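**Q** structure for this input, please:
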Amino acid sequence: MFVPFGKLAPELGRKLLHETVILDVHTNVPILSIQPFKQDGYEYAIKVKTMNVKDHDALQRMAGYQIRKFNACRRCLKCESLCRTGAISIIGDSYYIDPQKCVHCQKCMNAKYLAGGCMMDKYLRTK
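**A** Here you go, the predicted model:
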């Protein structure tokens with residue numbers, strides 16, 4: 001789910017915490033740290049930390065939106081239809097982003113492009 005943000009580099013994260021670091025695609029500088037954990041019965045909870053960016057709030061907001069959208073995906077196919085490289089496909093109950101095909105355009109995470117199509121985008125904007 002974090003492929004559109006940049007290059008996933010689990011080898012740079014702390015192994016004990018199962019941390020994955022995400023690198024900026026242009027500079028190879030770490031911009032996100034993702035740490036999964038279990039809390040109060042939630043099996044897929046994660047901590048997201050932004051690093052080395054000017055606008056931490058915008059990146060955190062986009063990461064939060066991507067997490068909520070991923071967890072609540074209703075397979076409306078809007079993300080899949082937006083992806084010009086065919087990196088997004090619906091597999092089982094959620095969508096999958098192929099890191100080999102993704103060009104990190106972030107259209108699948110941007111409300112500007114999802115407006116009028118994504119069922120979860122419409123729902124999340126009303127909350």
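
**Q** got the CA coordinates for the host helix or strand of residue 33 in PDB?
**A** Using DSSP states H and E, the element containing residue 33 is strand 30-39. Extracted in PDB, the C-alpha atoms of strand 30-39 (Å, rounded to 0.1, in the frame of the first residue of the first chain):
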ATOM      1  CA  PRO A  30      14.300   8.200   3.600                       C
ATOM      2  CA  ILE A  31      10.900   9.900   3.800                       C
ATOM      3  CA  LEU A  32       8.800   7.400   5.800                       C
ATOM      4  CA  SER A  33       9.300   4.800   8.400                       C
ATOM      5  CA  ILE A  34       6.600   2.100   8.800                       C
ATOM      6  CA  GLN A  35       6.400  -0.100  11.900                       C
ATOM      7  CA  PRO A  36       3.700  -2.700  12.200                       C
ATOM      8  CA  PHE A  37       2.400  -3.700  15.600                       C
ATOM      9  CA  LYS A  38      -0.600  -5.300  17.300                       C
ATOM     10  CA  GLN A  39      -2.900  -3.300  19.500                       C
END
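
**Q** mind listing what's buried in that strand?
**A** 30-34 (16 or more other Cβ atoms under 10 Å). All C-beta atoms are positioned from the backbone trio N, CA, C, and that covers glycine.

**Q** that one - what's its average pLDDT?
**A** Averaged over strand 30-39, pLDDT sits at 87.

**Q** what packs against that strand?
**A** For strand 30-39, the elements it packs on are strand 20-23, strand 42-50, helix 56-71, judged by 3 or more Cβ pairs under 8 Å, 6 or more residues apart in numbering; DSSP states H and E.

**Q** list the strands paired with that strand, with their directions.
**A** Using DSSP bridges, the strands paired with strand 30-39 are strand 20-23 (antiparallel), strand 42-50 (antiparallel).

**Q** give me whichever of these is most buried.
**A** Mean neighbour counts were taken over those using mean count of other Cβ atoms under 10 Å, and the top value, a mean of 20, falls to strand 20-23.

**Q** understood, closing this out.
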